[in-house]
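Q: from the sequence below, what's the structure:
(one chain, ligands or ions: 1)
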Amino acid sequence: MRLDTRATGKWLSCGRCRELVYAEHFERDQRICPYCGHHARLTARERLGTLLDPSPTPIAAAPTVDDPLGFADVRPYRERLARARRDTGLDEAVLCVAGTILGRPVVAAVMDFAFLGGSLGCAVGERITAAADRALATATPLLIVSASGGARMQEGVLSLMQMAKTAQALGALDAAGIPVISLVTDPTYGGVAASYATLADVILAEPGAHMGFAGPRVIAQTIRQPLPEGFQTAEKLLAQGLIDAVRPRTALRAVIAQLLDAAAWGRGARTVPEAWRDAAPPLARRPEELPERDAWETVRLARNPGRPTTLDYTAWLLDEFLELGGDRASGDCPAIVGGIGRLDGVPLVVIGHQKGHDTRELVARNFGMSSPAGYRKAARLMRLADKLRLPVLTLVDTPGAYPGVEAEEGGQAHAIAENLRLMSRLSVPVVTVITGEGGSGGALALAVADRVLALSNAVYSVISPEGCAAILWRDASAAPQAAAALHLTARDLLGHGVVDAVIREPGGGAHEDPLRTAQLVRGAVAATLHELLRLGPERLVAERARRFRGYGVARKEVAV
Ligand SMILES: [Zn+2]
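A: Here you go, the predicted structure:
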């Protein structure tokens, strides 16, 4: 199981591919094999060197009991402890410091697997907790780098209690809005995986790192279940929605700095560029400003696969978009993507349905039809935005929530309902752009916003025209009539007040000039955020509530 690298003179043999690597180059490249990309283990000190700026300050912790049980197996615990101390030059399996990453303040707790398998005993638990306390007292983000076989058996039930102690400390950080970033390295198991390694706002992992509660050996010995390929690897955990992202060691410093930047903006004055005030292109705000369009023709345009997708917008509009995955429970739905990026230096949480430009992409993205895992991922990212005080931009383009057996069994209805309630209470600005199809509850689950914008060929409706035709006309070919009857075009939506402004698409539609379309969206979003970011949380929530409360209430005149 253990992959590592052993020295033979100036040359090393990679623990995975066995190729010979020149030792000096290997150390220079942060112990990553140039042939197979294997990330060999780092000591805690080496890890601090790769992540933090030089000379961090150690954080003191209360003294702890050394050998509470007087434990001995084939050797006394005290002897093992003394040996670990001698071999590693550390006095325990974690180093806790206050320092900076590319100049951004951070409190870091870094585990060392070489010290008794990085096991979680009383001293480790106390130190992690002291680091969390320091983060809380100084309102500084906490970074935890895990490498552990689990709780330390030799300290018995007191080791077990460290899981609760550390979880409690992270709970206090969460309540205070202090971000916690977890970096999972190989291996992270047992009581560490089931406490501070996974109780983070963002969980990053190194390629190939293993993480789980029960290790492969335990599973094999207890229930003898065969293990699937890639079991408990970072890549599998990502696909299963259990971690946010897998990044190579060499990229971690920049990625963590980016997260620290976003958090610092949210805790600071939240300044936006003054140029945003006038960034909007000429928008249509009343129905008569838009031409009357054939509804069915508009539906077909809204579905054109050449229109920009959410990932096109994030690539073209944002700097350093970091996609964050998973609902931490059931999966990572490819039909909804989300993450943190910067628009003119302002960090945003962007979440949107993801379709594709060809059949292969569309199939891979399930045609933009989300599962419950997708809505739960969106909810997780919206909570993160709320905690970090970052504005939310959602991009809506879906035929609807996925109508399938698994989605039903996974709680589709409740996942959508939760998002409606969650969005109505978010304390940060929420801007939605309907970029294509606004299909029913699956669209609204991302669209309970302070401002809803739409592209001029977008549609938004309670049901698809085909679905409506099949039910009411009993004939799916009556879709064009249904489309007209549903009043689902941008012009109709302005009339109903469901969208606030319409972004006019260039030429014959967004698919003819996707880049220009993205630029128009950028301007409209920037101007809208400029306006909303001046409003306090109470006002945002109150006005959002008033907005949705008003729908359907009789007015003197409805201008459609
Ligand atoms: Zn290798």
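
Q: low-scoring stretches of the stretch 351-500 of the chain, by residue?
A: Along the stretch 351-500 of the chain, the model assigns pLDDT under 70 to no residue.

Q: do a quick rundown of the strands in it.
A: 392-398, 430-439, 451-455, 459-461 (DSSP state E, counting those that start in this stretch).

Q: partner strands of the third one and their direction?
A: Right, the one you point to is strand 451-455. strand 430-439 (parallel), strand 501-503 (parallel) (DSSP bridges).

Q: who's in contact with that strand?
A: Outside strand 451-455, the residues that touch it by CB atoms under 8 Å, 6 or more residues apart in numbering are 283, 430-436, 438, 460, 490, 493, 498-503, 505, 510, 517, 521, 524-525, 528, 532. C-betas here are computed from N, CA, C, even on glycine.

Q: ditto for the last one
A: Here strand 459-461 makes contact (CB under 8 Å, 6+ apart) with 295, 298-299, 302, 396, 434, 437-440, 443, 454, 483, 486, 488-490, 493, 498-499.

Q: coming back round to it: selection in ChimeraX covering whichever of the contacts of strand 451-455 are buried, please.
A: Of these, the buried ones go into a single ChimeraX selection, burial set by 16 or more other CB atoms under 10 Å:
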select :283,430,431,432,433,434,435,436,438,460,490,493,498,499,500,501,502,503,505,510,517,521,524,525,528,532
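
Q: against the ion, which of the contacts of strand 451-455 make the cut? List them.
A: Among the contacts of strand 451-455, no residue lies close to the ion (CB under 5 Å from the ion).

Q: how close does residue 166 get to residue 97?
A: Counting by CB to CB, to the nearest Å, the gap from residue 166 to residue 97 is 17 Å.

Q: and these two? which has more neighbours close in?
A: The residue with more neighbours, out of residue 166 and residue 97, is residue 166; 27 against 20, by other CB atoms under 10 Å.

Q: got the confidence number for the more buried one?
A: The model reports residue 166 with a pLDDT of 98.

Q: hey, where'd the helices end up in the stretch 151-300 of the chain?
A: 156-175, 190-193, 216-222, 234-239, 249-267, 295-302 (DSSP state H, counting those that start in this stretch).

Q: I'd like those helices laid out as JSON lines, including distance to residue 289.
A: Formatted as JSON lines, the helices of the stretch 151-300 of the chain follow (distance: least, CB to CB, whole Å):
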{"stretch": "helix 156-175", "distance to residue 289": "46"}
{"stretch": "helix 190-193", "distance to residue 289": "56"}
{"stretch": "helix 216-222", "distance to residue 289": "63"}
{"stretch": "helix 234-239", "distance to residue 289": "45"}
{"stretch": "helix 249-267", "distance to residue 289": "35"}
{"stretch": "helix 295-302", "distance to residue 289": "16"}
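
Q: any idea which of those helices is most buried?
A: helix 190-193 (a mean of 27; mean count of other CB atoms under 10 Å).

Q: then that one to CSV, C-alphas only?
A: Output of helix 190-193 as CSV, limited to C-alpha atoms (Å, rounded to 0.1, in the frame of the first residue of the first chain):
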residue,chain,number,x,y,z
GLY,A,190,-10.1,7.0,10.5
GLY,A,191,-10.6,9.5,13.2
VAL,A,192,-8.8,12.3,11.3
ALA,A,193,-10.9,11.8,8.1
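
Q: nearest residue to the middle of this structure?
A: Closest to where the C-alpha atoms of the chain average out (CA atoms, centre = their mean) is residue 324, at 2.8 Å.

Q: redo the strands of the stretch 351-500 of the chain as JSON lines? Include distance to residue 175.
A: Putting the strands of the stretch 351-500 of the chain into JSON lines (distance: least, CB to CB, whole Å) gives the following:
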{"stretch": "strand 392-398", "distance to residue 175": "21"}
{"stretch": "strand 430-439", "distance to residue 175": "23"}
{"stretch": "strand 451-455", "distance to residue 175": "30"}
{"stretch": "strand 459-461", "distance to residue 175": "37"}
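
Q: looking at those strands, spot the one closest to residue 338.
A: Minimum separation from residue 338 across those (CB to CB) falls at strand 392-398, 8.7 Å.

Q: and residue 432, what does it touch?
A: Applying CB under 8 Å, 6+ apart to residue 432 gives the contacts 393-396, 446-447, 449, 451-453.

Q: and those, which are buried?
A: Buried among the contacts of residue 432 (16+ other CB under 10 Å): 393-396, 446-447, 449, 451-453.

Q: contacting residues for residue 383?
A: Residues counted as contacts of residue 383 (CB under 8 Å, 6+ apart) are residue 422.

Q: one more pass at 7 Å, please.
A: Applying CB atoms under 7 Å, 6 or more residues apart in numbering to residue 383 gives no contacts.

Q: measure it to residue 351 for me?
A: 12 Å.

Q: one more: residue 344?
A: 19 Å.

Q: between those two, point out the one with more neighbours.
A: Comparing residue 344 with residue 351 by other CB under 10 Å, the one with more neighbours is residue 351, at 27 against 15.

Q: correct me if wrong: the more buried one contacts residue 446.
A: Yes: with contacts counted by CB atoms under 7 Å, residue 351 reaches residue 446, the gap being 6.2 Å.

Q: shared neighbours, those two?
A: Jointly contacting residue 351 and residue 446 under the rule CB under 7 Å, 6+ apart are 378, 394.

Q: show me what residue of the stretch 151-300 of the chain gets nearest to the ion.
A: Closest contact between the stretch 151-300 of the chain and the ion, by CB to the ion, is at residue 208 (10.6 Å).

Q: doesn't residue 321 lie inside a strand?
A: Yes: Residue 321 sits within a strand when classified using DSSP: H, G, I helix; E, B strand; the rest coil.

Q: that older thread, redo the strands paired with strand 451-455 as a markdown table? Include distance to residue 306.
A: Shown next, in a markdown table, are the strands paired with strand 451-455 (distance: least, CB to CB, whole Å):
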| stretch | distance to residue 306 |
| --- | --- |
| strand 430-439 | 11 |
| strand 501-503 | 17 |
